[in-house]
Each structure stands twice: as C-alpha cells, then as structure tokens.
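Student: Dropping the sequence and predicted coords here.
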Amino acid sequence: MSKILLVEDDEMNRDMLSRRLIRKGYTVVFALNGQEGIEKATAELPDLILMDMNMPEMDGLEATRLIKKNPTTAHIPVITLSAHAMPSYVAKAKAFDGGCDDYDTKPVDLDRLLGKIEALISK
C-alpha cells in the first residue's frame, strides 16, 4: 500500500481528496502548511506528495524546493495542486521550475490525478 502525503490547508479539500484516495487503497498522511509538509516528508518518507500551491506560512513551491534540496526526501515525487486564477500554463511552469514532478488543477479530476499518481509511484 503506497503512502501519500497530502499537504493542504483547506479542510474541505483535504477531507474530500483523502477519502477518495483511501478508498483507492492509499494510506494518507496530512500536513496543513508547507513547513509541516517538509517535516512530515522527512519523518514519514511517503511514496508521493500532493502539494497545494497556496498556503499560509510557506507556500507549496518553497516547500517543494526545500524537499527536493534535502537528500533524504529529494527522490519523493511531488504533484502540485493549484486552483490559481492565472493561466494554467503559467502556474504549471512555476511548479516545474520549483521542482515539482507533475501538476494538476483544482477542482481535482480524480481519474486524471490517479493516473499521474500511479505513473510517478511506479517509476
């Protein structure tokens, strides 16, 4: 069973996405902001991280940069989730520049996201 770290500050998004992932057989660990995401990534060593882009204290891009700089966590694939109002190609470019392995939008299309998760975990 693969472990996913869900870094998401919005309770409704966290609840909806985690329930769906658990139903698909994933173990889900939570972090409520970027700093906590870094700490949980190091402590839990998940198989994949779903990282919200906009969060208080530390945004998802900065958290991803720090996760990817740490030799202990650098190998963990990160999918950025964004509900940005900016055009998706701009947000996507920012995510990849920040070290993310893939990008998806909110609201989440579960089938599309699951395909990305499975592709990255199986690498």
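Tutor: Here it is on my side, so go on.
Student: Which secondary structure state does the residue positioned nearest the centre of the chain sit in?
Tutor: Centrality entry for the chain: nearest residue to the mean C-alpha point is Leu50, 1.5 Å, by Cα atoms, centre = their mean. Following DSSP: H, G, I helix; E, B strand; the rest coil, the label given to Leu50 is strand.
Student: residues near the closest residue to it other than its chain neighbours, how many?
Tutor: Distance criterion Cβ to Cβ, 6 or more residues apart in numbering; nearest residue to Leu50, sequence neighbours excluded, is Leu6 at 5.0 Å. Heads up, the C-betas are built off the backbone N, CA and C, glycines and all. When neighbours are defined as other Cβ atoms under 10 Å, Leu6 has 24 of them.
Student: Packing partners of the helix or strand hosting Leu6?
Tutor: Assigned by DSSP states H and E, Leu6 belongs to strand 3-7. Judged by 3 or more Cβ pairs under 8 Å, 6 or more residues apart in numbering; DSSP states H and E, strand 3-7 is in contact with helix 11-23, strand 27-31, helix 34-44, strand 48-52.
Student: Before I go, just wanted to say thanks for your time.
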